[in-house]
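Student: coordinates only, sequence not included:
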């Protein structure tokens with residue numbers, strides 16, 4: 001069976017899916033409805049459940065497996081699932097949550113081993129101790145959580161995969177530009193999104209926690225670095241440098257950074273983070289688009305569509 005994100009407008013749908021998110025809404029006529037985000041291992045798709053009251057809201061909570069019937073239609077340049085029937089799955093259906101979860105292409109063991117190697121390569125004892133301390137403190141959620149609730153790396157173990165991908169880029173860049181401090185760049189990459197283990201609620205169907213909404217992962221991590229330094233009895237410039245890496249990694253105030261990058265390594269961290277996030281977004285929409293056609297619009301990429309050249313398929317043959 002084709003993954004839900006690989007279906008085209010007009011294709012019928014009759015399959016099991018997992019509810020990733022559910023939000024309530026009201027039509028202009030005052031009638032309640034639910035916006036449901038369904039997922040399988042290929043990704044996710046949005047659907048509307050009209051005339052949905054309290055009973056439907058109770059039945060269709062996130063992490064519920066459902067059997068749906070309907071078809072795919074295009075709405076404002078993006079595929080949606082038009083629901084005709086929906087019901088919660090029963091024990092007799094013999095389906096489990098793991099059947100629908102998208103996971104990182106690398107195993108947790110592989111990524112954990114690779115992260116350990118990058119920390120081992122660090123020569124600065126202060127940077128290494130703080131990084132090792134925080135990774136050990138949040139090891140389990142760090143290896144399991146997504147990097148976001150939508151747009152990029154929003155799958156199980158997406159956070160660790162995002163970090164490993166960035167570290168691989170950084171390894172090349174510090175060889176190309178020896179003036180970069182490898183330890184500071186590696187540590188900044190490992191720690192930059194670690195606050196998301198507190199900003200987000202879970203590895204599956206993640207939502208924003210109260211701390212996530214009120215503080216955000218940047219502020220959370222700046223505090224975590226300060227706390228780690230206190231516990232390890234460290235008082236040195238490296239602590240400030242690591243905090244600056246976190247504060248500036250979004251690049252600009254309008255993108256969520258309290259400070260712009262003021263270190264070479266902070267500037268590079270911002271670029272690497274941006275490249276990895278955008279490549280994942282483009283890869284995903286292009287992978288489910290036919291050659292010679294344009295992708296759906298990607299809101300996080302200035303609402304642009306991307307063309308899939310015929311050569312992509314020729315290169316594989």
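Tutor: That came through, no problem. Note that this is a predicted model, so its numbers are computed, not measured.
Student: in this structure, which spans are helices?
Tutor: 54-59, 108-120, 125-137, 139-144, 158-176, 182-191, 196-199, 210-214, 216-231, 237-248, 264-287, 311-316 (DSSP state H).
Student: Can you say which of the ones you listed is nearest to residue 14?
Tutor: Among the helices of the chain, the nearest to residue 14 by C-beta to C-beta is helix 54-59 (19.3 Å). The C-beta positions use only the backbone N, C-alpha and C, and glycine is treated the same way.
Student: Now do that closest one: everything it contacts.
Tutor: Helix 54-59 is contacted from outside by 22, 24, 34, 49, 88, using C-beta atoms under 8 Å, 6 or more residues apart in numbering.
Student: Could you give me the buried positions within that helix?
Tutor: 56, 59 (16 or more other C-beta atoms under 10 Å).
Student: Same question for stretch 79-89.
Tutor: 79, 80, 81, 83, 86, 89.
Student: Which strand residues bridge the second one?
Tutor: Meaning residue 80. Beta bridges link residue 80 to residue 46, residue 73 when assigned by DSSP bridges.
Student: and which of the buried residues of stretch 79-89 is nearest to residue 313?
Tutor: Out of those, the member with the shortest distance to residue 313 (by C-beta to C-beta) is residue 79, at 20.8 Å.
Student: and that closest one, what does it touch?
Tutor: Residues near residue 79 by C-beta under 8 Å, 6+ apart: 5, 7, 8, 9, 45, 72, 73, 296.
Student: Show me which of the residues you listed is closest to residue 283.
Tutor: Nearest member of the contacts of residue 79 to residue 283, counting by C-beta to C-beta, is residue 5, at 12.3 Å.
Student: rewinding a little: just the buried ones from the contacts of helix 54-59, in ChimeraX syntax?
Tutor: Typed into ChimeraX, the line below selects the buried ones among those, using 16+ other C-beta under 10 Å:
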select :22,34,49
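Student: May I ask which two of the contacts of helix 54-59 are separated the most?
Tutor: 24 and 88 (17.9 Å).
Student: quick revisit: most packed of the helices of the chain?
Tutor: helix 182-191 (a mean of 25; mean count of other C-beta atoms under 10 Å).
Student: any idea of the angle it forms with helix 108-120?
Tutor: 150 degrees (axes from the mean of the first three to the mean of the last three C-alpha atoms, to 10 degrees).
Student: quick one: helix 182-191 to chain centroid distance?
Tutor: How far helix 182-191 lies from its chain's middle: 20 Å, per C-alpha atoms, centre = their mean, to the nearest Å.
Student: What average pLDDT does it get?
Tutor: Averaging pLDDT along helix 182-191 gives 98.
Student: I'd like the distance from stretch 79-97 to the chain centre, please.
Tutor: Relative to its chain's centre, stretch 79-97 lies at 24 Å (C-alpha atoms, centre = their mean).
Student: gap between the two ends of it?
Tutor: Across stretch 79-97, the straight-line distance between its terminal residues is 24 Å, by C-alpha to C-alpha, to the nearest Å.
Student: among the helices of the chain, which is nearest residue 94?
Tutor: For those, the distance to residue 94 is smallest for helix 54-59, at 19.8 Å, taking C-beta to C-beta.
Student: from the chain's centre, how far out does that closest one sit?
Tutor: That offset, for helix 54-59, works out to 28 Å (C-alpha atoms, centre = their mean).
Student: average pLDDT across that helix?
Tutor: 92.
Student: before we move on, what about stretch 74-82?
Tutor: On average, stretch 74-82 scores 88.
Student: measure it end to end?
Tutor: Stretch 74-82 end-to-end distance (C-alpha to C-alpha) = 10 Å.
Student: one step back: output the buried residues of stretch 79-89 in CSV; the columns should cover distance to residue 245.
Tutor: Below are the buried residues of stretch 79-89 laid out as CSV (distance: C-beta to C-beta, whole Å):
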residue, distance to residue 245
79, 38
80, 39
81, 41
83, 45
86, 46
89, 45
